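Peer 1: structure of the sequence below:
(one chain, ligands or ions: 1)
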Amino acid sequence: MVGANSGGRFRCCVCGRVFPKGQGIVVALSGGVLAFHSSKCAARFLRLLLDSGSKEVMSTALRLARELESKLVEAQERRAKKI
Ligand SMILES: [Zn+2]
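Peer 2: Residues are numbered from 1 along each chain as shown. Model (predicted):
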């Protein structure tokens, strides 16, 4: 399993670097832990994930992107009304 060991340290699943708890990016999922020592490795993982060709992953990613986009538009509209 990729992720935590007993010492509260994590291993980056992209480059293999070990880093202490509280650093890097650690995402706990129901089936395990995704650990990245830097945002660069997280970005690389995202790239690989999207390149994996999974239709499920792609539709989820696109849906999330659209949700975030519409939230940005909403926030901009709220700001515009205040001024
Ligand atoms: Zn890394």
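Peer 1: contacts and neighbour counts: CA atoms only from here.
Peer 2: OK.
Peer 1: could you list the domains of this protein?
Peer 2: According to the domain assignment given by automatic domain parsing, the chain is divided into the following structural domains: 1-51, 53-83.
Peer 1: show me what the longest helix seen in the chain is packed up against.
Peer 2: Secondary structure of the chain per DSSP state H: the longest helix is helix 55-82. The contact analysis (3 or more C-alpha pairs under 8 Å, 6 or more residues apart in numbering; DSSP states H and E) places helix 55-82 against helix 39-51.
Peer 1: name the helices or strands packed onto the helix it packs on?
Peer 2: Contacts of helix 39-51 with other secondary structure elements, assessed using 3+ C-alpha pairs under 8 Å, 6+ apart, are made with helix 55-82.
Peer 1: recalculate using a threshold of 10 Å.
Peer 2: Contacts defined by 3 or more C-alpha pairs under 10 Å, 6 or more residues apart in numbering; DSSP states H and E place helix 39-51 against strand 25-29, strand 32-36, helix 55-82.
Peer 1: could you give the mean pLDDT of it?
Peer 2: Averaged over helix 39-51, pLDDT sits at 96.
Peer 1: what are the contacting residues of it?
Peer 2: With contacts defined as C-alpha atoms under 10 Å, 6 or more residues apart in numbering, helix 39-51 is touched by 12-15, 24-26, 34-36, 38, 52, 57-58, 61.
Peer 1: near the ion, from those?
Peer 2: Among those, the residues lying close to the ion (C-alpha under 5 Å from the ion) are Cys12, Cys15.
Peer 1: and the contacts of helix 39-51, which two are furthest apart?
Peer 2: Distances among those were taken as C-alpha to C-alpha; the most separated pair is Gly24 and Met58, at 25.0 Å.
Peer 1: cheers, nothing more for now.
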